[in-house]
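**Q** What follows is a protein structure lacking sequence information:
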């Protein structure tokens with residue numbers, strides 16, 4: 001479970017350090033999910049832009 005949630009060794013001291021480690025890991029997990037969602041959302045627009053620009057400038 002620790003490896004899945006990226007909860008490696010906690011270098012912060014005490015219970016407050018443990019709590020901070022969990023919160024920071026959760027923030028990192030949510031940030032990865034947001035970036036993946038944004039990537040999926042923008043993929044059709046980026047693909048259309050890349051393919052569309054290739055069709056507008058054919059090689060002669």
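**A** Perfect, thanks for sending it. All values derive from a computational prediction rather than experimental measurement. Numbering: from 1, shown residues only.
**Q** gap between residue 34 and residue 13?
**A** According to CB to CB, to the nearest Å, residue 34 stands 30 Å off from residue 13. C-betas here are computed from N, CA, C, even on glycine.
**Q** Kindly report the same for residue 31.
**A** 25 Å.
**Q** State the mean pLDDT of the host helix or strand of residue 48.
**A** Assigned by DSSP states H and E, residue 48 belongs to helix 14-56. Across helix 14-56, pLDDT averages out at 82.
**Q** Burial check on residue 18, number of neighbours?
**A** 13 (other CB atoms under 10 Å).
**Q** In this structure it contacts residue 12, no?
**A** Yes. Contact status for residue 18 versus residue 12: in contact at 7.3 Å, counting by CB atoms under 8 Å.
**Q** Against residue 23, how distant is residue 45?
**A** 34 Å.
**Q** Over to residue 30?
**A** Applying CB to CB, the value for residue 30 to residue 23 is 11 Å.
**Q** for residue 40, same thing?
**A** Taking CB to CB, one finds residue 40 at 26 Å from residue 23.
**Q** what's the pLDDT at residue 7?
**A** Note for residue 7: predicted pLDDT of 59.
**Q** actually residue 11, sorry about that
**A** On the pLDDT scale, residue 11 gets 72.
**Q** what residues are up against it?
**A** Going by CB atoms under 8 Å, 6 or more residues apart in numbering, residue 11 touches residue 17.
**Q** Give me the secondary structure label for it.
**A** Under DSSP: H, G, I helix; E, B strand; the rest coil, residue 11 falls in the coil class.
**Q** can you count the residues close to residue 21?
**A** Residue 21 is flanked by 16 other residues according to other CB under 10 Å.
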